[in-house]
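**Q** how would this look folded up:
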Amino acid sequence: MSFVTVSDAPSGEVDPTARTHDVVIIGSGPAGLTAAVYAARANLEPLLVEGVVDGGPTGGQLTLTTDVENYPGFPDGITGPELIQNMRDQAARFGTTFVTEDVTSTDLTANPIQLQTASGKTILTRSLIIATGAKPRRLEIPGEDELWGGGVSACATCDGFFFRDRHVVVVGGGDTAMEEATFLTKFASKVTVVHRRDQLRASAIMQERAFKNDQIEFVFDATVTEIHGEQGLVSGVTLQDTKTGETRELATDGVFLAIGHIPNTWLFEGQLERDEEGYLIVDEPSTATDLPGVFACGDVIDHVYRQAVTAAGTGSKAAIDAERWLAGGGGQVASEPQTTPATADL
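**A** Have a look, this model is predicted:
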């Protein structure tokens with residue numbers, strides 16, 4: 001494991017245990033990196049723990065995305081890895097220190113907050129910003145990993161545009177699957193929804209909307225058991241009948257998974273309030289959790305939008321909340337001045 005500083009100071013190994021930090025950020029996606037930019041510009045000298053294994057790749061799910069065309073400021077688009085690298089460079093420019101390893105356990109009630117890393121280091125901090133994100137549920141079948149970003153996706157809003165006049169498959173039977181399928185008909189010529197049961201789990205209104213759409217067809221009692229590709233792009237799937245076991249091939253240009261997301265919150269189980277799906281609960285409109293000095297942002301609190309730009313927005317909020325909490329000595333998030341400013345006698 002390595003501890004690396006990428007600030008303007010001379011590079012070299014950094015010991016994150018050498019002092020108690022004002023703010024530590026866990027997570028290196030758009031939310032965590034934006035929080036780092038804001039915290040660094042506020043002279044908080046943030047330490048960002050990137051993570052390398054648990055919860056997905058360093059840089060978050062955006063690093064698995066090829067072309068990003070809906071992030072403001074890039075009229076010609078940008079790749080996911082490039083966008084993350086730009087954010088990382090920007091955070092580094094203002095003095096963010098990066099630790100490239102995983103946090104394995106936390107004690108959020110300790111004062112200061114304690115984080116244990118995979119290499120046995122103990123990091124102490126006065127405030128913590130959690131930006132650990134969420135990962136899409138996978139089918140865990142052949143071809144899925146190899147073709148991720150080459151036609152396999154878990155975000156129709158992100159990638160639907162690339163399937164204009166193509167045939168795509170949506171896997172799932174809940175409201176999310178119906179929303180994804182309906183959205184994709186704006187681009188795709190045909191959408192095939194594959195569901196393992198003979199009835200959908202989606203709400204009645206979402207089912208009705210999908211059933212009335214002539215571009216959507218359904219394959220019930222079936223699972224996708226393999227995804228096929230040619231030259232790195234999806235070319236078809238293998239479907240297996242859940243009742244008879246028979247298989248058949250279905251040609252398609254894309255596979256969209258709509259079987260849910262898993263928030264990366266296991267580190268905080270029993271310490272922070274979570275909803276029934278495992279997402280962290282914050283005191284909106286702030287990013288404050290139910291523990292003083294602990295804030296959360298990005299997809300770890302968002303099971304609705306899950307966009308890079310919305311994650312970045314909550315990252316800025318978390319840094320501002322942490323700064324104000326530190327300045328107020330705790331007990332408040334967005335405190336207002338309590339004293340009357342002195343005026344000059346002119």
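**Q** List the buried residues for stretch 25-43?
**A** Using 16 or more other CB atoms under 10 Å as the burial criterion, the residues of stretch 25-43 that qualify are 25-42. For every residue, glycine as well, the C-beta is placed using N, CA and C.
**Q** no no, stretch 289-296
**A** Within stretch 289-296, the residues that count as buried by 16+ other CB under 10 Å are 289, 292-296.
**Q** go on, stretch 237-251?
**A** Within stretch 237-251, the residues that count as buried by 16+ other CB under 10 Å are 237-240, 250.
**Q** Output it in PDB, but only the C-alpha positions, please.
**A** The C-alpha trace of stretch 237-251 is given here as PDB (Å, rounded to 0.1, in the frame of the first residue of the first chain):
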ATOM      1  CA  VAL A 237     -27.200 -12.600 -25.000                       C
ATOM      2  CA  THR A 238     -28.100 -16.200 -24.000                       C
ATOM      3  CA  LEU A 239     -31.500 -16.500 -22.400                       C
ATOM      4  CA  GLN A 240     -32.500 -19.400 -20.200                       C
ATOM      5  CA  ASP A 241     -36.100 -20.400 -19.500                       C
ATOM      6  CA  THR A 242     -36.500 -20.500 -15.700                       C
ATOM      7  CA  LYS A 243     -39.100 -23.200 -16.000                       C
ATOM      8  CA  THR A 244     -37.900 -25.600 -18.700                       C
ATOM      9  CA  GLY A 245     -34.100 -24.800 -18.600                       C
ATOM     10  CA  GLU A 246     -34.100 -24.400 -22.400                       C
ATOM     11  CA  THR A 247     -31.700 -21.700 -23.800                       C
ATOM     12  CA  ARG A 248     -31.800 -19.500 -26.900                       C
ATOM     13  CA  GLU A 249     -29.800 -16.700 -28.300                       C
ATOM     14  CA  LEU A 250     -31.100 -13.100 -28.700                       C
ATOM     15  CA  ALA A 251     -29.200 -10.600 -30.800                       C
END
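**Q** Can you tell me what sits against it?
**A** 167, 169, 192, 194, 196-197, 219, 221-228, 235-236, 252, 255 (CB atoms under 8 Å, 6 or more residues apart in numbering).
**Q** now these: which count as buried?
**A** Buried subset of the contacts of stretch 237-251 (neighbour count, 16+ other CB under 10 Å): 167, 169, 192, 194, 196, 219, 221-224, 226-228, 235-236, 252, 255.
**Q** what about stretch 94-114, start to end distance?
**A** 25 Å (CA to CA, to the nearest Å).
**Q** Let me see the mean pLDDT of that stretch.
**A** Taken as a whole, stretch 94-114 carries a mean pLDDT of 94.
**Q** Pull out the buried residues from that stretch.
**A** Using 16+ other CB under 10 Å as the test for burial, stretch 94-114 gives 94-99, 101-103, 106, 108, 112-114.
**Q** Inside strands: which ones of those?
**A** 97-99, 103, 106, 113-114 (DSSP state E).
**Q** which one of these is nearest G313?
**A** Nearest to G313 among these: F98, at 22.1 Å, using CB to CB.
**Q** now for the buried residues of stretch 237-251, which pair is the farthest apart?
**A** Q240 and L250, at 11.1 Å, using CB to CB across those.
**Q** Strands along the stretch 1-150 of the chain, start to end?
**A** For the stretch 1-150 of the chain, the strands defined by DSSP state E, counting those that start in this stretch occupy 2-5, 21-26, 47-49, 67-68, 78-79, 97-100, 103-107, 113-117, 122-130, 134-136.
**Q** Could you export those as TSV, including distance to T265?
**A** Listed next are the strands of the stretch 1-150 of the chain as TSV, based on distance: least, CB to CB, whole Å:
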stretch	distance to T265
strand 2-5	25
strand 21-26	11
strand 47-49	15
strand 67-68	26
strand 78-79	28
strand 97-100	20
strand 103-107	11
strand 113-117	15
strand 122-130	8
strand 134-136	9
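**Q** To Q61, which of those lies closest?
**A** strand 134-136 (6.7 Å).
**Q** Residues contacting the closest one, please?
**A** With contacts defined as CB under 8 Å, 6+ apart, strand 134-136 is touched by 55-56, 61, 154-155, 257, 259-264, 279, 299-300, 303, 306.
**Q** Pick the one among the buried residues of stretch 289-296 closest to I84.
**A** Proximity of the buried residues of stretch 289-296 to I84 (CB to CB) peaks at A296, which lies at 19.8 Å.
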